[in-house]
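>>> Here is a sequence with its predicted model. Questions after.
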Amino acid sequence: MWSMDDVEAIKLLKYRYLRALDTKDWEVFEGTLTEDVTGDYGSSLAFTNRGELVDFMRTSVGPAVITEHRVDHPEIDVEGDEATGRWYLQDRVMVPDFKFMLFGAAFYSDRYRKTDAGWRICATGYDRTYEAKLSLDDLPSFALDVGPAIRI
């Protein structure tokens, strides 16, 4: 039997996963995942364990890459110690050194497992609904200040 507490705990887990990703808090990010987590972010980006996924994010989304991930409209189904979740994602990626910005939307599909340490993500990935890219040269007034929440 599941409770609303399980659903709320899964929501908080997903929010923590995204906050840790955007602030580059890799220890917290790693703590949201099971060791055997799988990740599927499209045809060329897949992972079969936590080490691979965290290492990729740590090296690919480093200090020079600013990200913003927002999810809402969760659809969470809990069955015992397993759960599934679907989320609407809006994201933005900025790489000022390359004068690049991407923004888009997708639907996350996650699986969760209840562990001794609480709920953890055991599979995650998304299917894009759109992705738009632009050069920051097209925005001559663009200026970026990075706040202290980003771990550099």
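Alright, I've got the coordinates. No experiment lies behind these values; they were computed from the predicted model shown.
>>> in this protein, which residue is closest to the centre?
Centroid-nearest residue in the chain: L18, 4.4 Å away (criterion: Cα atoms, centre = their mean).
>>> Show me what the longest helix along the chain is packed up against.
Assignment by DSSP state H gives helix 4-23 as the longest helix of the chain. If you count contacts as 3 or more Cβ pairs under 8 Å, 6 or more residues apart in numbering; DSSP states H and E, helix 4-23 packs onto helix 26-31, strand 66-79, strand 82-95, strand 100-115, strand 118-135. In this view, the C-beta of every residue, glycine as well, is placed from N, C-alpha and C.
>>> ok, now how distant is T129 from H69?
15 Å (Cβ to Cβ, to the nearest Å).
>>> the more surrounded of those two?
The neighbour count for T129 versus H69, taken as other Cβ atoms under 10 Å, is higher for H69 (18 against 12).
>>> In contact with the nearest residue to Y126 once chain neighbours are set aside, which residues?
Among residues not flanking Y126 along the chain, A106 sits closest, at 3.9 Å (Cβ to Cβ, 6 or more residues apart in numbering). By Cβ atoms under 8 Å, 6 or more residues apart in numbering, the contact set of A106 is L89, D91, Y126, D127, R128, T129.
>>> Check what pLDDT the third one gets.
Think Y126. pLDDT recorded at Y126 is 93.
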